[in-house]
Every structure is written in C-alpha cells, then in structure tokens.
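**Q** Fold the stuff below for me.
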Amino acid sequence: MSGPSAGVRVVAVDAQTGRELRIAVLRPEQDPGEPMYARERDPATLHFAARGEDGEVLAVGSAMLEGDPREPRPGDWRVRGMATDPQRRGRGLGTLVLAAIEAAARERGAARLWCNARTPARGFYERAGFTVEGEEFEIPGIGPHFVMSKPLG
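**A** This next block holds a predicted model:
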C-alpha cells in the first residue's frame, strides 16, 4: 500500500457529503433519493470524508450509537457506509477515515465499534484491529458480510 496523497485531509461532514460516492461504490442500484440507512441524517450520527486538495471526496464513512446485533453493550457504535473511490483504493484513505471515526466515537464514550463488513473488506477491518464475530451471512441484494467488532478500551 502506498501512502495517502499529499494534501488529503479528513474532516467531519454532513450526511449529504460523499453520498454520491457512497451510492456509486456500495449501492449503485439504489434510488439516490432514498436514505442508505436509518439515522443517516440524525444529528448524532458521525460522518467523515477524506478530501483532496480540490475538495473532492475521496473516501467516506459514518458511525452511530447502536448496539452490536449479537451482544449489545452500552457504548457500542456502528460503523456504516465506508466507501473509497475505486481509483484511489490502497492509499490508506479508508484507514484515515476509520481512524477519525474511532477518535470521534471515543470522545463520545464509545467502548466498542462494530460493523457489517462486506466479505472483500474483511482484511481492511482486521488491519484496523477488528475481529470477526460468527459466520459469514448474506444481506439480500448487497452480498456476503461478516459482523466485525473492535473493543476501544
């Protein structure tokens, strides 16, 4: 993996920022007017984007307070909607966004992060310290996933 491009910065954004990238990468068949997930526009939901020097959104991710589906605990935060421009994968942009999400969630009292990771993204999350919980499962219309989690303290 090469390092992120010079001039990239990760910033907190609103739910709309990066939506086009998120839909193109994660759900190209979805109507752009539909919400991607519940609480997407909730003011407590965190959204981050890696932006290039020109302001272009290169990678995005979100997180919200939500219990792990297998063993919910206080302080669980769910990571959702992680997406990187396919032309820029392998440069550490998703890692930067995930680190920003983790730091912001910790500031808000997060004790654990979890996600439904697409099977091809399993290695990405493992490199970030997440572990698989249980067997692979299918989300209809989206594909195979694993529940993965990372304790934060």
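**Q** Enumerate every residue touching residue 21.
**A** 57, 59-60, 83, 85 (CB atoms under 8 Å, 6 or more residues apart in numbering). C-betas here are computed from N, CA, C, even on glycine.
**Q** Check those against residue 128 and report the nearest one.
**A** Within those, distances to residue 128 taken as CB to CB reach their minimum at residue 59, with 13.5 Å.
**Q** wait, doesn't the closest one sit right on residue 47?
**A** No. Under the criterion of CB atoms under 8 Å, residue 59 makes no contact with residue 47, lying 11.8 Å away.
**Q** before we move on, the earlier item: list only buried entries from the contacts of residue 21.
**A** When burial is judged by neighbour count using 16 or more other CB atoms under 10 Å, the buried members of the contacts of residue 21 are 57, 59-60, 83, 85.
**Q** quick check, nearest of those to residue 31?
**A** For these, the closest approach to residue 31 (CB to CB) belongs to residue 83, at 17.3 Å.
**Q** Spatially nearest residue to the closest one, not counting backbone neighbours?
**A** Here the nearest residue to residue 83 in space, its sequence neighbours aside, is residue 25; by CB to CB, 6 or more residues apart in numbering that works out to 3.9 Å.
**Q** before we move on, what about residue 30?
**A** With sequence-adjacent residues excluded and distances taken as CB to CB, 6+ apart, residue 30 is closest to residue 23, at 5.7 Å.
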